[in-house]
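[1] sequence and predicted structure, then a few things I'm wondering about:
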Amino acid sequence: MTKYIKTRNSWVVSDQTDYGNARYEAWEDTWSPSEIWNIRMEVAITTATTLDLAPFLSATPADTDIVKIRVRNNDATNFVLVKCRQSKASATYGANELGFTDSAPVTITDTTSVFVSSLYAKAGDYVTVTNATESANDQTSLIQTVAAGTLTLQEDVTQTADAADAGTPTIEIISENEIKLKAGEMCEFSAVMPAHDIALIADTAACEVDIQIIGS
């Protein structure tokens, strides 16, 4: 059954302590998601408390996709670190445009040289390869360095050499983001990678958080 969501965001800007001559900014978003889940959970300190997103993808309807995730820190004093992976960009390549080396540190090469300009890759991101001709090259790996036409991967990654992949492989660049959520604050994520858990760590004492997952 379709649900309906409307959110309003606003702020007031002024150069006076009483907010005289203030400038107001506001915007409104609406969605009609197929499913909404509201979860309340306690976040531990030191060791991450994780939320597995996989069950939400297998929910009814079966083709549910996660559109947005909101996290609110309900604690009055402590902050919570929220970590998740988000998709930045992806591209499907033609025959002979993508290459893979097998000598550490292994690399992925792109004859069109769009790793930076179109896929926005940077060191510390992750790259996911799918549909490579050599199945061993279908994996998610941490990126060490980036150039326009070359991704150098972490030292322990192994690949099968294929200088010019004859198929149509897809590259997706994934960023791992961390937000420090102060007491009473809320954050919102889109393009979340459901194959990876959301991890939360409290500051000096366990905190209660509310999480809303919006599926389409």
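    Yep, it's here. Bear in mind that the values here come from a model prediction, so they are computed numbers and not experimental data. Numbers count the residues shown, from 1 in each chain.
[2] distance check, the closest residue to Asp65 other than its chain neighbours against Ala202.
    The shortest distance from Asp65 to any non-neighbouring residue, by C-beta to C-beta, 6 or more residues apart in numbering, is to Ser216 (5.3 Å). (Glycine included, C-beta is placed from N, CA and C.) Noted for Ser216: a distance of 31 Å to Ala202, by C-beta to C-beta, to the nearest Å.
[3] repeat that for Leu151.
    Distance from Leu151 to Ala202, by C-beta to C-beta: 35 Å.
[4] then Pro105?
    36 Å.
[5] quick one: which of these two has more around it?
    Neighbour count, other C-beta atoms under 10 Å: between Pro105 and Ala202, Ala202 has more, with 23 against 13.
[6] was I right about that one contacting Val80?
    Yes - Ala202 lies in contact with Val80 (C-beta atoms under 8 Å); the separation is 5.4 Å.
[7] list residues touching both of these two?
    Residues touching both Ala202 and Val80 by C-beta atoms under 8 Å, 6 or more residues apart in numbering: Val43.
[8] Gln86 bridge partners, please.
    Under the criterion DSSP bridges, Gln86 forms beta bridges with Ser175, Val192.
[9] how many neighbours does Leu151 have?
    Leu151, neighbours per other C-beta under 10 Å, totals 25.
[10] residue contacts, the spatially most central residue of the chain?
    By C-alpha atoms, centre = their mean, the chain has its centre lying nearest to Gln86, at 1.2 Å. Going by C-beta under 8 Å, 6+ apart, Gln86 touches 174-175, 177, 189-193.
[11] distance of it from Val192?
    6 Å.
[12] count of neighbours near the nearest residue to Glu97 once chain neighbours are set aside?
    Leaving out its chain neighbours, the residue that sits closest to Glu97 by C-beta to C-beta, 6+ apart is Thr111, at 4.9 Å. By the criterion of other C-beta under 10 Å, Thr111 has 13 neighbours.
[13] report the contact partners of the nearest residue to Ala161 once chain neighbours are set aside.
    Nearest residue to Ala161, sequence neighbours excluded (C-beta to C-beta, 6+ apart): Asp102, at 4.1 Å. Listed by C-beta under 8 Å, 6+ apart, the contact partners of Asp102 are 158-161.
[14] highest neighbour count among the residues you listed?
    Highest neighbour count within those, by other C-beta under 10 Å: Gln159, with 21 neighbours.
[15] part of a helix, is it?
    No - Gln159: not assigned to a helix; according to DSSP: H, G, I helix; E, B strand; the rest coil it is coil.
[16] any idea which helix or strand comes after the lowest-mean-pLDDT helix or strand in the chain?
    Among the helices and strands of the chain, strand 23-31 carries the lowest confidence by mean pLDDT, DSSP states H and E, at a mean of 69. The helix or strand immediately downstream of strand 23-31 is strand 35-43, counting by DSSP states H and E.
[17] hey, C-alpha coordinates of that next one in CSV?
    What follows is strand 35-43, C-alpha atoms only, in CSV (Å, rounded to 0.1, in the frame of the first residue of the first chain):
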residue,chain,number,x,y,z
GLU,A,35,6.8,1.1,2.7
ILE,A,36,8.0,2.9,5.8
TRP,A,37,9.8,1.4,8.8
ASN,A,38,10.3,3.1,12.1
ILE,A,39,12.8,1.6,14.4
ARG,A,40,14.0,2.6,17.9
MET,A,41,17.3,1.1,19.1
GLU,A,42,19.9,1.6,21.7
VAL,A,43,23.4,2.4,20.6
